[in-house]
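**Q** Turn this into a model:
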Amino acid sequence: MHAEVIRFILLVLCWTVVLVRIPAVRVREQRPLWFTLLMLGSGLLMLQKPVARVARELTGIPQITSLISSLMAVGVATLLLDFAIRRPPTHDFRTAPWRRFRIFSSLFTVVTMAVTFSITIAQGVPTRQRFLPVPGVFSAHIVYWVVYLVYMLLVTAWASVLFWRHIARTDSRVLRLAIALLGIATSTFLIFLGSRFAALFSASPTLLPFGLYISSIHSIGIAVGCSLAAVLPLIQAVAAWWHCYKLYPLWKTLCEALPNIALQPPRRRLLDVLTLRDNRLRLHRRLIEIRDGLLSMREWVTPEALDRIRTSMAETRLRPDQAEAATTACWLKVALRAQEQGLERVGKPLDLVSQGGADAYSELRWLRAVAAFWHDPRVDRCAAAIAAEPHRPGS
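**A** Residues are numbered from 1 along each chain as shown. Presented below is the predicted three-dimensional model:
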């Protein structure tokens with residue numbers, strides 16, 4: 001009962017991701033994951049009792065669901081290996097290692113399984129539960145299982161080793177978790193395949209339940225791991241949209257003060273929020289344009305004004321990282337007012353843009369911190385007080 005519930009949940013998960021991530025078919029790195037979920041979902045569908053009953057009635061072959069599920073398992077293992085081999089996006093499909101051998105071996109396995117299955121059914125060879133052969137009797141049925149298990153062992157072991165090697169080389173936490181789940185799933189499946197090898201030569205009643213539990217762990221790992229990796233671009237796109245939304249006030253102000261830094265002029269807030277395409281590219285451009293704006297605006301900040309700002313921010317008792325972000329937001333407001341009033345630039349600009357910039361993540365984190373203080377009352381009061389002084393920056 002528990003196995004049926006798990007299969008149904010995984011079935012819903014697989015087909016949900018397959019339908020939601022149809023655009024992944026067009027992306028080379030995402031394509032193996034999408035087809036893996038499609039085949040896993042198809043295999044799980046065949047294990048549902050109503051579907052299995054319909055398949056048997058249409059074909060007149062009681063064991064047809066075993067063949068379809070096994071072929072789907074071959075497809076899942078093959079696609080997982082392809083994804084593991086091309087995980088670092090450095091291999092072109094045509095130059096990926098052992099490409100011809102992998103294509104030939106997978107086709108040989110599928111054809112051999114289909115032929116030996118047909119012979120087994122035509123000859124009326126007796127079978128056990130889970131379409132296992134009767135021990136001690138050599139037939140096409142044995143060939144079916146030996147070819148299937150040998151191929152699955154080789155492909156799964158290869159993929160498992162690659163997944164474990166990729167974990168330490170993956171930067172994204174979500175993708176690292178997905179690859180770890182795939183590594184666990186493929187390693188666990190090796191145990192399942194070993195139990196099936198043992199079941200070929202033994203009629204022990206404990207092997208089948210053991211294999212059922214192990215295969216459940218494998219199915220969960222594959223379904224969840226592939227789903228995470230497949231929806232990662234969608235998650236990243238939503239996150240990029242949110243970052244663009246949060247950076248909009250700071251970015252818009254700089255673009256209006258320095259129109260030359262913007263590739264395209266800022267649009268209204270509502271139109272910017274409703275823009276749902278190319279969010280990662282928009283965020284990348286926004287970070288660059290804000291950085292360019294900061295580099296330009298520091299030319300209106302004097303050492304005296306900077307000292308006043310730092311003293312004022314120190315009195316707010318913010319954490320050091322927050323105080324630095326608030327200081328940047330404040331001197332930027334002071335510089336914007338000085339530029340708007342037509343004051344002269346300083347002779348030697350201060351080094352005020354050393355934070356962030358090491359990589360995209362640190363740059364985003366820093367600019368989000370600055371944007372968080374853009375409308376802070378403490379920053380507004382400090383900037384207004386400095387702007388009201390007789391000798392303002394650049395004067």
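**Q** Residue 249 is in contact with residue 290, correct?
**A** No: judged on C-beta atoms under 8 Å, residue 290 makes no contact with residue 249 at a distance of 11.0 Å. C-beta coordinates here come from the backbone N, C-alpha and C atoms, glycine included.
**Q** Quick one: residues contacting the residue nearest the centre of the chain.
**A** In the chain, the C-alpha closest to the average C-alpha coordinate belongs to residue 232, at a distance of 2.7 Å (C-alpha atoms, centre = their mean). Going by C-beta atoms under 8 Å, 6 or more residues apart in numbering, residue 232 touches 172, 174, 175, 178.
**Q** Quick check: buried residues in the strand or helix carrying the third one?
**A** Which is residue 175. If you go by DSSP states H and E, residue 175 is part of helix 173-201. Neighbour-count burial for helix 173-201, counted by 16 or more other C-beta atoms under 10 Å, picks out 175-190, 192-193, 195-197, 199-200.
**Q** what residues does stretch 327-344 touch?
**A** Here stretch 327-344 makes contact (C-beta under 8 Å, 6+ apart) with 250, 253-254, 257, 294, 297-301, 305-306, 309-310, 312-313, 352, 355, 370-371, 373-374, 376, 379-380, 382-383, 386-387, 392-395.
**Q** The spatially closest residue to residue 132 that is not a sequence neighbour and residue 281: what is the separation?
**A** Nearest residue to residue 132, sequence neighbours excluded (C-beta to C-beta, 6 or more residues apart in numbering): residue 199, at 5.5 Å. Separation of residue 199 from residue 281 (C-beta to C-beta, to the nearest Å): 53 Å.
**Q** Pass me the low-pLDDT residue ranges in the stretch 1-150 of the chain, would you?
**A** 1-2, 88-97 (pLDDT under 70).
**Q** where along it do the helices fall?
**A** Here the stretch 1-150 of the chain has its helices, by DSSP state H, counting those that start in this stretch, at 2-20, 31-46, 49-59, 64-85, 99-123, 140-167.
**Q** Take the ones you listed and lay them out in TSV including mean neighbour count.
**A** Listed next are the helices of the stretch 1-150 of the chain as TSV, based on neighbours: other C-beta atoms under 10 Å:
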stretch	mean neighbour count
helix 2-20	16
helix 31-46	23
helix 49-59	12
helix 64-85	22
helix 99-123	15
helix 140-167	19
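**Q** With residue 322 as the reference, name the closest of those helices.
**A** Proximity to residue 322, assessed across the helices of the stretch 1-150 of the chain by C-beta to C-beta, is greatest for helix 140-167 (33.9 Å).
**Q** Tell me the helices and strands packed up against that closest one.
**A** Secondary-structure packing of helix 140-167 (3 or more C-beta pairs under 8 Å, 6 or more residues apart in numbering; DSSP states H and E): helix 64-85, helix 99-123, helix 173-201.
**Q** my guess is residue 298 meets residue 354, correct?
**A** No: if you go by C-beta under 8 Å, residue 298 and residue 354 don't touch, sitting 10.7 Å apart.
**Q** higher neighbour count, these two?
**A** Taking other C-beta atoms under 10 Å, residue 298 and residue 354 do not tie; residue 298 has more neighbours (20 against 6).
**Q** Next, the contact list for the more buried one, please.
**A** By C-beta under 8 Å, 6+ apart, the contact set of residue 298 is 331, 335, 349, 350, 352, 353.
**Q** per-residue pLDDT, it?
**A** Residue 298 carries a pLDDT value of 90.
**Q** Which of the three states applies to it?
**A** Secondary structure, DSSP: H, G, I helix; E, B strand; the rest coil: residue 298 is helix.
**Q** just how off-centre is the longest helix anywhere in the chain within its chain?
**A** Looking across the chain with DSSP state H, the single longest helix is helix 207-257. Centroid separation between helix 207-257 and its chain, computed with C-alpha atoms, centre = their mean, to the nearest Å, is 5 Å.
**Q** in the very next helix or strand once past that helix, what counts as buried?
**A** Using DSSP H and E, the helix or strand that follows helix 207-257 in sequence is helix 269-273. Neighbour counts over helix 269-273 (16+ other C-beta under 10 Å) mark residue 272 as buried.
**Q** Measure how buried residue 371 is and give me the count.
**A** When neighbours are counted by other C-beta under 10 Å, residue 371 registers 19.
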